[in-house]
Every structure is written in structure tokens, then in C-alpha cells.
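Undergrad: Sequence and predicted structure, then a few things I'm wondering about:
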Amino acid sequence: MGVTIEDIKKLKELTGVGLTDAKQALVAADGNFDKALEEMRKKGLTKAEKKGDRETREGLIESYVHSNRIGVVVEVNCETDFVARLPEFKEFAHQIAMQIAAMSPKYSTMEDIPADVYAAKKQELLASDDLQKKPENMREQIVEGQLKKYFAEQVLTEQAFVLDDTMTVGARIKEQIAKSGENVRVSQFKRIELGVTE
């Protein structure tokens, strides 16, 4: 398989790397675009994880209204004003607002779940009759899995991404970090539904 300039440009656009890196990835994958993209994503996500601790003081507030019945306001942060003003960043923030409108998460990340809420659910699961039938040395591990599953729908980063359900929102955020070269985070959001009060 040959390497075409169209594939190089397409790979560059999808991953946010330079032309040389995109070409090298395609050559290494013998011109197989999907294989090259997969490898670039793995590398990009590895870099994204390293950027995850950097401070995010810039960003924007995005809003989305669905059918005049659901409204969302979300704050999405990045490291620089330059990235915050890019159309791709605004589009990403809009996608996150749509996600919140569609899936109604309560928390941004697992770390945002209040300790008392997490502890109460954990106690409830530990006291269940089904768990008592399991070997004692496995109960803690089973409960951790159940907690993750229970909170997955309530936590934004754990939800399946509505525009591509092959990834979670957390993976989509990492993809955005890889593309922008900066740490990106969803710090707060508010979802309002007509006639529904919390």
C-alpha cells in the first residue's frame, strides 16, 4: 500500500500532529490509514495523560438549548486563551453541552462524587444479600466494580459519548487534549429541564 498526501493531511487533521509525524505513522503502518490512526491515537492519549496535571485557567462558557425544553451551561477549561478561541475548542465545548443535555450527568468526574454519597452507596452494596454469598476476599473488588457501574451513568467522563458511542466522554476529552496540546477539563455545568426542579 502506498502513502498518499491526502491520507497524510487527513491523519494530521484527525490527530493534531505535524505532517512529518503523520507521514512516518503511515509509512510504519505500510500505508494502512486505520492502523496508522490507531497508533497515533495511542501515542496522543499517552501524551494527553501526561498533560492531565497541568493548570487550566483559560477556557470558555458554552450554552446549548434543546427544543426549548432543556438548557445547558458548561465551563470548559484549557491552558491558554489562544486554544480557548479556536473554533475546534468551541465545537468541543458545544459537544460536551449536547452530551450533558442528552445524558443528564450529576458529576463531572468520579472524584467529584461527594464522599458521603459514595460511602452510602458502598455500604448499601456491602450489605446486600447477593454479596454475602461471595467469597469474603473478593467482596471489596466486586463492590468497587459495582460502584463504578452504578456511577458510570451519573459521571460525565464515564458516560458513552453520544456522538460516538465507541468511546467515553473521558476518552473524547483525552482526544481533545492530544489535538490541542494542552490540558482540557470540564469544571462545572448546569442543566435545566422545563418543569423539572431538583
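TA: Arrived safely. Please read all numbers here as calculations on a predicted model, not as lab measurements.

Undergrad: tell me the average confidence for the strand or helix carrying Lys121?
TA: Per DSSP states H and E, Lys121 falls inside helix 115-126. Computed over helix 115-126, the mean pLDDT rounds to 90.

Undergrad: So which residues make contact with it?
TA: Applying Cβ atoms under 8 Å, 6 or more residues apart in numbering, the set of residues contacting helix 115-126 from outside is 131, 139, 143, 146-147, 150-151. The way it works is simple: take the backbone N, C-alpha and C, and place the C-beta from them, glycine included.

Undergrad: Dump those residues to a markdown table, plus neighbour count.
TA: Below are the contacts of helix 115-126 laid out as a markdown table (neighbours: other Cβ atoms under 10 Å):
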| residue | neighbour count |
| --- | --- |
| Leu131 | 16 |
| Arg139 | 15 |
| Val143 | 19 |
| Gln146 | 18 |
| Leu147 | 16 |
| Tyr150 | 15 |
| Phe151 | 18 |
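
Undergrad: Widest-spaced pair of these?
TA: The span of those, defined through Cβ to Cβ, is set by Arg139 and Phe151 at 18.4 Å.

Undergrad: Which stretches in the chain count as helices?
TA: 5-15, 19-28, 33-51, 81-84, 87-103, 115-126, 129-132, 136-152, 169-180 (DSSP state H).

Undergrad: Quickly list the domain ranges of the protein.
TA: Following automatic domain parsing, one finds the domains of the chain at 5-51, 58-108+154-193, 114-152.

Undergrad: Pick the most deeply packed of the ones you listed.
TA: Of the domains of the chain, the one with the most neighbours on average (mean count of other Cβ atoms under 10 Å) is domain 58-108+154-193, at a mean of 18.

Undergrad: I'd like the distance from that one to the chain centre, please.
TA: What separates the centre of domain 58-108+154-193 from the centre of its chain is 8 Å, taken as Cα atoms, centre = their mean, to the nearest Å.

Undergrad: Enumerate every residue touching the residue nearest to Ile100 when sequence neighbours are not counted.
TA: Closest residue to Ile100 apart from its sequence neighbours, by Cβ to Cβ, 6 or more residues apart in numbering: Val72 at 4.7 Å. Shown in contact with Val72 (Cβ under 8 Å, 6+ apart): 63-66, 97-98, 100-101, 189-192.

Undergrad: could these be laid out in CSV, adding distance to Asp7?
TA: Below are the contacts of Val72 laid out as CSV (distance: Cβ to Cβ, whole Å):
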residue, distance to Asp7
Ser63, 37
Tyr64, 34
Val65, 39
His66, 37
Ala97, 32
Met98, 30
Ile100, 35
Ala101, 35
Phe189, 37
Lys190, 42
Arg191, 40
Ile192, 44
